[in-house]
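Asks: this one's sequence-less:
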Ligand code: ZN
């Protein structure tokens, strides 16, 4: 068993060249055929904090490559955060970025109101900062995903950028000049009002608004309306044109308010790729020729409303971007700087 300064070496990493790195608290021993060299490797940490799972990862340097990743089931706040702390204590961290489900209080690093009642008014940043002692940047899960896609995925070179997720809930991260919009609290685009389809008997499921966008078009709303999970509805089911009718209204609002250069639609519901052409066509129809841009009026709309490129990794890659930023002292919400 290798030891480093008396500490047992517990982490084994393989780099792109197949060289095994054995790391203990960030000190990496690189084992080469004829020599052993010791380099100091400080890691950046990222957390994609979700209502069903916490994804934790570390990266040795900038980029979308993860050095290690673990997925923890979300249980009680105390148990979950303790497991998160244990994972990161295996590394010498420079900084930590957190992309968190919410709604959140960005200034104080905590979750406020959430349907996951155990997590209402739960501090996230303070216990992690106390345990790990590194600067932390905290943002919403969708701002994290927007950052990930902006720097390494489908959003590159497009500013302003909107990333909207349609899954258990609906939310959007909006970047302007590469920076997430926060403002009064942070955007809650999933709760924008939409016009209900006259033939839609479903009243909507949002506990606050009933038939807001999330109330009508989230995964659970689709399931309640049709009595089946979205996954079990065939690609030509009448559910999808109705879904496009609601999401296209959201696209119109985002286009009119934010004037984004690209909108990325992710989340479980958008795995139904037949939605994309339906949403594009309906968005163009609803805008009625008023937004005079080729991105709307021509086939370029296929590059305007697009799926994510990072898939399930968008959130964790974005969380690491938050860690890089707080280490560099960039602007934004940060605690412990
Ligand atoms: Zn709502």
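Replies: Thanks, I have the structure now. Bear in mind the structure is a predicted one, so any value in this text is a computation, not a measurement.
Asks: look up how far residue 124 lies from residue 82.
Replies: Distance, residue 82 to residue 124, by C-beta to C-beta, to the nearest Å: 13 Å. (Glycine included, C-beta is placed from N, CA and C.)
Asks: ok, the two, which is more surrounded?
Replies: Legend: neighbour count by other C-beta atoms under 10 Å for residue 82 and residue 124, higher for residue 124 (27 against 14).
Asks: any idea how far the ion is from that one?
Replies: Applying C-beta to the ion, to the nearest Å, the value for residue 124 to the ion is 23 Å.
Asks: my read: that residue touches residue 49, true?
Replies: Yes: at 6.8 Å, residue 124 and residue 49 qualify as touching, with contact defined as C-beta atoms under 8 Å.
Asks: would residue 223 count as being in a strand?
Replies: No: applying DSSP: H, G, I helix; E, B strand; the rest coil, one finds residue 223 to be helix, outside a strand.
Asks: how many neighbours does it have?
Replies: A count of neighbours around residue 223, defined by other C-beta under 10 Å, yields 17.
Asks: which residue packs closest to it, ignoring adjacent ones?
Replies: residue 229 (5.3 Å; C-beta to C-beta, 6 or more residues apart in numbering).
Asks: now residue 273
Replies: Closest to residue 273 by C-beta to C-beta, 6+ apart is residue 307, at 6.9 Å.
Asks: which pLDDT value belongs to the one you found?
Replies: At residue 307, the model reports a pLDDT of 97.
Asks: is stretch 193-211 anywhere near the ion?
Replies: Yes: under the criterion of C-beta under 5 Å from the ion, the ion is reached by stretch 193-211 at 206, 208, 209.
Asks: list the contacts of residue 57.
Replies: Shown in contact with residue 57 (C-beta atoms under 8 Å, 6 or more residues apart in numbering): 45, 46, 66, 67, 68, 69, 70, 316, 319, 320.
Asks: out of those residues, which are buried?
Replies: For the contacts of residue 57, a burial check counting by 16 or more other C-beta atoms under 10 Å picks out 45, 46, 66, 67, 68, 316, 319, 320.
Asks: run a quick check on residue 251 versus residue 281, I expect a contact.
Replies: No: in terms of C-beta under 8 Å, residue 251 does not count as a neighbour of residue 281; the distance is 11.0 Å.
Asks: in terms of neighbours, single out the busier of these two.
Replies: residue 251 (26 against 14).
Asks: tell me if I am right that the more buried one is in a helix.
Replies: Yes: assessed by three-state DSSP, residue 251 belongs to a helix.
Asks: how many other residues sit next to the residue nearest to residue 223?
Replies: Residue 229: 12 surrounding residues under other C-beta under 10 Å.
Asks: so it makes contact with residue 221?
Replies: No: look at residue 229 against residue 221 with C-beta under 8 Å: they stay out of range, at 11.8 Å.
Asks: wait, what's in contact with residue 113?
Replies: 103, 120.
Asks: surely it forms part of a strand?
Replies: No: counting by three-state DSSP, residue 113 is not found in a strand; it is coil.
Asks: any idea how far it is from residue 192?
Replies: Look at residue 113 and residue 192: by C-beta to C-beta, they are 18 Å apart.
Asks: could you do residue 274 as well?
Replies: Noted for residue 274: a distance of 24 Å to residue 192, by C-beta to C-beta.
Asks: residue 264 now?
Replies: Separation of residue 264 from residue 192 (C-beta to C-beta): 17 Å.
Asks: tell me who's in contact with the nearest residue to residue 50 once chain neighbours are set aside.
Replies: Leaving aside its sequence neighbours, residue 50 sits nearest to residue 101 (C-beta to C-beta, 6+ apart; 5.3 Å). With contact set as C-beta under 8 Å, 6+ apart, residue 101 has these partners: 49, 50, 51, 111, 114, 116, 140, 141.
Asks: lovely, talk soon.
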